[in-house]
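Trainee: Sequence and computational prediction follow.
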Amino acid sequence: MEELTGSLPAKDGVACFARLYLQVTKGVQQELAGVTFRDPVYLDRLDVVFADLFFAAVTKQPPAWAPLFADRAAKHVAPLQFALAGMSAHINRDLPVALVTTANELGHALEEGSPQHADFQTVNAVLARVERTVKQQYLTGFLRTLDRLLHRVDRLDDVVAMWDVARARGAAWANGQALWALRGTPAVADACLDALDRMVGLTARGLLVPAETWLQRLSRLTRGH
């Protein structure tokens, strides 16, 4: 992840997501350092499978990821929008796939109340706190404060309101259960994943609608960006 972020321009949309992903991952690791999990092997494997799906998306670009890669150089899209579009694709589309893959590999069922589900929910709570803190880095600065005073209805606020990581992970678990239940009928499971993939892609398009206000645009133009 560090190699990827280091190889991309700072304003690149994929880099904006990768930086958020990296910061959140490090923050979660620190927060969970003293936590005892019921099945740490499961969580470790899930993390690896989950991250690998992002790296695969860099080359394959499934429909959920396509809007971010298509608009990664857009100048009127805020860095936070890029970051949240990536988080949406990764959690809403990739996480259900990672849950099913990991369950298959380790022989666990995706069941409510299982040790794996309890650990998953523990991570949810910590992840939500860390992501809130990291997200504020995209919303700081005098210009941002002034802009919010001048624009009481700011579309970037709407973008932020569209995204909640804890709810997204809860939905991902439910979608993972649906895919798990369909594993005996591969054609139906593939159709279900394809529909989810495309629906998440539509959400990403909404997250990436330019939110830049006139003052932000003026600041960017005066800096020559």
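Mentor: That came through fine.
Trainee: for the residue nearest the centre of the chain, helix, strand, or coil?
Mentor: By C-alpha atoms, centre = their mean, the chain has its centre lying nearest to Met87, at 1.2 Å. Following DSSP: H, G, I helix; E, B strand; the rest coil, Met87 is assigned to helix.
Trainee: Report whether the expected contact of it with Phe17 is present.
Mentor: Yes. At 6.8 Å, Met87 counts as touching Phe17 under the criterion of C-beta atoms under 8 Å. Where C-beta positions appear, they are placed from N, C-alpha and C, glycine not excepted.
Trainee: Pick out the least confidently modelled helix or strand of this protein, by mean pLDDT.
Mentor: Among the helical and strand segments of the chain, the one scoring lowest on mean pLDDT, DSSP states H and E is helix 142-150, with a mean of 50.
Trainee: The protein: helices as residue ranges?
Mentor: 2-7, 13-31, 40-60, 66-70, 79-88, 95-106, 115-135, 142-150, 155-161, 165-181, 186-207, 214-222 (DSSP state H).
Trainee: lowest-confidence stretch among the ones you listed?
Mentor: Lowest mean pLDDT of the helices of the chain: helix 142-150, a mean of 50.
Trainee: returning to what we had before: tell me which of the helices of the chain is the most buried.
Mentor: Among the helices of the chain, helix 79-88 has the highest mean neighbour count (mean count of other C-beta atoms under 10 Å), at a mean of 26.
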